[in-house]
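1. test case, fold it:
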Amino acid sequence: MKNCLLSGLTKWIIRGSSSCCLAILVACTPAKVQLNVVPLPNDMEIKTGFFEVDSAQFANESMDKFITCRIDSAFNRDLGEEGYNLSVSSGTIRLNACTEKGAFYGKQTLKQLLSSRGIPCVEIKDAPRFSYRGLHIDVSRHFFPKEEIIKLLDEMAYYKLNKFHFHLTDNGGWRIQIDKYPRLTSMGAFRTQCEWVEWWDKKDRTYLPEGTPNAYGGYYTKEDIREILAHAEKLHIEVIPEIEFPAHSDEVFIGYPELCCTGKPYTSGEFCAGNERTYTFMENVLTEIIDLFPSEYIHIGGDEARKIAWKTCSKCQTLMEKEGLKDLEELQCYMIARMEAFLTSKGKRMIGWDEVLNNHLAPTSTIISYRGQETASEAANRGYNVVFTPGAALYFDWYQATPETQPRAMIGYSPIKKVYSIYPVAADSITALHNEELIQGKQLKPNSVQWVRPEKMKYVVGVQGCAWTEFMNDEKQLEYMIFPRLLAVAEMAWTQEKKRDWQDFKPRMNAHIPQLQARGINTFTLTDEIELTTRLLKPGKMEVVLDTEKYPVEIRYTLDGTNPTMSSLKYEKPFVIHDSVVVKAAIFREERMVEPILVQKVGVIEEITNYFEYIEPEHWKELNL
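-> I've put the predicted structure just below:
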């Protein structure tokens, strides 16, 4: 698409009325179409013509009647179990894969190819970059009914995501039925208030018994979970349950206060490390979880333990002395090690947040790295499988546009371009530095970052977007914060790095906004804000780039301090400045200016800190400078 965009597009056409119909870019050559598939297939050749089929019929009936599908374990093993070959001609649709899973993903691509004219003729050879392509949902801080979970699973499958991280327990409430410990839900699943700030930050933090009038909360019965799991299985999605340990457990101690150090509720959020009943409890809970969830992974949390109560707890101190543990970090490592050993004995693989790296883990364990590039690189370099989910980029509770224009969210800014721009694997100092500067929001020295050594890159097994729900009170707000940022995660997880390009992704993403809405998703519809970036070409020459999330748009700008009008310069490509200027720019739609107006001073010297890259002198001639 990049080359076509540079040469100019003649039309933007939305084809088809069905919710699964796809927007198609009609390029300069009438015989050729550009397809808005997300995630972008790794090898796609677009041909002329269409396989003609009524879009409504194809959408409403089983697509299998239109497809010649072959599943053969001996077929093109290089594509792996999730890969597929798709060939569409004017007369046939052929889909080949090694497994049912690969065929399923080929069918998701077919759904996205459908238009009112039929399916464009195309040859696709495709397989995912990563085996772990995830979405995390926190249902503790706010509870969401099983119908919403199933709805989100459908969207995950549409974009070829395959791991659903189900955050079932946390301080906000215990959300899953455990037969051996009924008070977890009868006393720990409901609370006094819905609003997180009112309940948690202002320290109300009172739980209520189930059945109390106006109590807020809920939980999933085992039958609910089975229904979710059955649906996920049809979609080839693995549901990974998380049971927080040893911290984030205030809700446990309402019904079972003997498991915390003081023996009293509302006094600690951590399990008592020195109480053997803690480990009995966790093993019993995890046994029921293992019996229910077929996932090879069980997530045990492992993050953000405050450790305050452990300092003065006689049981904890006795255990430390007995086991020769020199500090509270080692005490937490002891607790994690016991859970890891138990899960291993049950044939399961432990997965945890990156604090569990403090342990000498079994090689089967996996790290969810949320604190930045360094922990992800450390985990991979130590030989542990790692899923990259840096909070400052892939946490969906951060603002996705200027806070004044958005519902309340966590303090932080993570627009979709930032999400898309993360490198899942920091393969060298440049990509590691890029990631850390995006995450930290400031310039760093190249020698201050750690990257993944070439022989260890195989240990980066995937990426995950995380929806923490402090400010997502209902289903509509949950969807608003997840979409369309999840599409950026999906492409990051599926498409090879050399194929990923923001300017290529942007038109495809925009085409999916109305599709999401047609499927009943309350998606964020992207911002009208303009981003200005610069790069120093050579001394005295600075290139200015204007960019937007929306596409297509008409941008007009001025360099003399006046507000832009329809008679102002039209932005068509990056421009060069030689002196300090004030750039004012705005989007124009139907010859009317759309707020906000970008106002930014740019100087050849002052704004050097804005540049993304420095072009070396030997390349100046290539740019006709």
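
2. alpha carbons only for contacts and neighbour counts from here, please
-> Noted.

3. count of neighbours near residue 442?
-> 9 (other C-alpha atoms under 10 Å).

4. err, residue 52, not the other one
-> 18.

5. let's have the chain start at 59 instead
-> Happy to do that; since the first residue is 59 now, the last one works out to residue 110.

6. tell me the contacts of the closest residue to it other than its chain neighbours?
-> Counting by C-alpha to C-alpha, 6 or more residues apart in numbering, the nearest residue to residue 110 once its immediate chain neighbours are dropped is residue 176, at 4.4 Å. Residue 176 makes contact with 108-113, according to C-alpha atoms under 8 Å, 6 or more residues apart in numbering.

7. take these and keep only those in strands.
-> Judged by DSSP state E, the contacts of residue 176 include 108-109 as members of strands.

8. what packs against the helix or strand harbouring residue 605?
-> According to DSSP states H and E, residue 605 maps onto strand 599-606. Helices and strands touching strand 599-606, by 3 or more C-alpha pairs under 8 Å, 6 or more residues apart in numbering; DSSP states H and E, are strand 588-596, strand 633-635.

9. most tightly packed of those strands?
-> Per-stretch averages of neighbours, counted by mean count of other C-alpha atoms under 10 Å, single out strand 588-596 among these, with a mean of 19.

10. average pLDDT for that one, rounded please.
-> The average of the pLDDT scores along strand 588-596 is 93.

11. would you mind getting the angle between it and strand 599-606?
-> 160 degrees (axes from the mean of the first three to the mean of the last three C-alpha atoms, to 10 degrees).

12. so which elements touch strand 588-596?
-> Going by 3+ C-alpha pairs under 8 Å, 6+ apart, strand 588-596 lies up against strand 599-606, strand 639-647, strand 650-660.

13. listing partners with orientation, what would you give for the longest one?
-> Based on DSSP bridges, the pairing partners of strand 650-660 within the sheet are strand 639-647 (antiparallel).

14. nearest residue to the middle of this structure?
-> Compute the mean C-alpha point of the chain, and by C-alpha atoms, centre = their mean the closest residue is residue 523, 1.9 Å away.

15. partner residues bridging that residue?
-> Bridge pairing for residue 523 - DSSP bridges - gives residue 193.

16. over to residue 275?
-> Bridge pairing for residue 275 - DSSP bridges - gives residue 248.

17. my guess is it contacts residue 249, does it?
-> Yes: shown here, residue 275 and residue 249 form a contact pair, counting by C-alpha atoms under 8 Å, at 6.4 Å.

18. overlap of the contact sets of those two?
-> Common neighbours of residue 275 and residue 249 (C-alpha under 8 Å, 6+ apart) are residue 231.

19. roughly how far apart are residue 257 and residue 622?
-> Remark: distance between residue 257 and residue 622 (C-alpha to C-alpha, to the nearest Å) = 46 Å.

20. ok, these two, which is more surrounded?
-> For residue 257 versus residue 622, neighbours defined as other C-alpha under 10 Å are more numerous around residue 622 (24 against 17).

21. quick one: contacts for the nearest residue to residue 649 once chain neighbours are set aside?
-> Nearest residue to residue 649, sequence neighbours excluded (C-alpha to C-alpha, 6+ apart): residue 624, at 6.5 Å. Contacts for residue 624 (C-alpha under 8 Å, 6+ apart) come out as 614, 646, 649-651.

22. out of these, which is nearest to residue 282?
-> Nearest to residue 282, judged by C-alpha to C-alpha, of these is residue 646 at 49.0 Å.

23. so where do the strands sit in the stretch 359-508 of the chain?
-> All strands of the stretch 359-508 of the chain, identified by DSSP state E, counting those that start in this stretch, fall at 407-411, 424-427, 443-446, 456-457, 468-471.

24. what ranges does the stretch 209-358 of the chain have for its strands?
-> Going by DSSP E, counting those that start in this stretch, the stretch 209-358 of the chain shows strands at 221-225, 227-228, 231-232, 248-249, 274-275, 296-303, 355-359.

25. what strand or helix carries residue 613?
-> Residue-wise, residue 613 maps onto strand 612-616 under DSSP H and E.

26. and for that strand, what's in contact with it?
-> 621-624, 626-629, 640-647.

27. how about 7 Å then?
-> 622, 626-629, 641-647 (C-alpha atoms under 7 Å, 6 or more residues apart in numbering).
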